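S.K.: Sequence first, predicted coordinates after that:
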Amino acid sequence: MKKLSILIIIILIIFGSFLVLKPKAKKTEIPAQTKVINSSVEKSTLKEVSISNYSYSPSKLTIKKGQSVKWTNYDSVKHDVMPDNQTSVFAASELLAKNESYTTTFDTVGLFSYHCTPHPDMKGTIEVTE
Ligand SMILES: [Cu+2]
């Protein structure tokens, strides 16, 4: 009877050590996909106004000081960008033919209204903020 219990103990030890020594399943580490997707949103300093159907769009545009505005005429008819009060910060454009554009930079804070010389009902405003 004693032999049997010793045998059982030995079996348990062997079995136990087998369990202990059993190699742990290696964790397959999946590399964290930390690929940073770069935002394609550029902090553009160029704001666009389209001219079509005899109107400026957007008709009111708010920009930061130092930003530029680009008007592009998509009408077959010629339009221009004529400041209501011409200043050194907002010069008039030439008459723009279809797909022509005019870009100017605003370095002064203020409200600048403009119109189209051939079509005075066409009006727009650029608000320049700090
Ligand atoms: Cu016009």
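M.R.: It's in.

S.K.: Follow the chain on from the helix or strand of the chain with the lowest mean pLDDT and name the next helix or strand.
M.R.: None of the helices or strands of the chain scores lower by mean pLDDT, DSSP states H and E than helix 2-21, at a mean of 49. Once helix 2-21 ends, the next helix or strand along the chain (criterion: DSSP states H and E) is strand 46-52.

S.K.: next structured bit after that next one?
M.R.: Remark: after strand 46-52, the chain's next helix or strand is strand 55-57, criterion DSSP H and E.

S.K.: ok, whichever helix or strand comes after that next one: who's next to it in the sheet?
M.R.: On the C-terminal side of strand 55-57, the closest following helix or strand by DSSP H and E is strand 60-64. For strand 60-64, the pairing partners within the sheet under DSSP bridges are strand 123-129 (parallel).

S.K.: Give me the mean pLDDT for the strand it pairs with.
M.R.: Strand 123-129 shows a mean pLDDT of 97.

S.K.: Give me the contact status of it with the ion.
M.R.: No. Strand 123-129 does not reach the ion (CB under 5 Å from the ion); its nearest approach is 10.4 Å. To be clear about C-beta, it is placed using only N, CA and C from the backbone, and glycine gets the same treatment.

S.K.: the inter-axis angle of that strand versus strand 46-52?
M.R.: If you take axes from the mean of the first three to the mean of the last three CA atoms, to 10 degrees, strand 123-129 sits at 170 degrees to strand 46-52.

S.K.: List of residues touching strand 123-129?
M.R.: Residues from elsewhere that reach strand 123-129 (CB atoms under 8 Å, 6 or more residues apart in numbering): 49, 56, 59-65, 67, 69, 81, 90, 106, 108-115.
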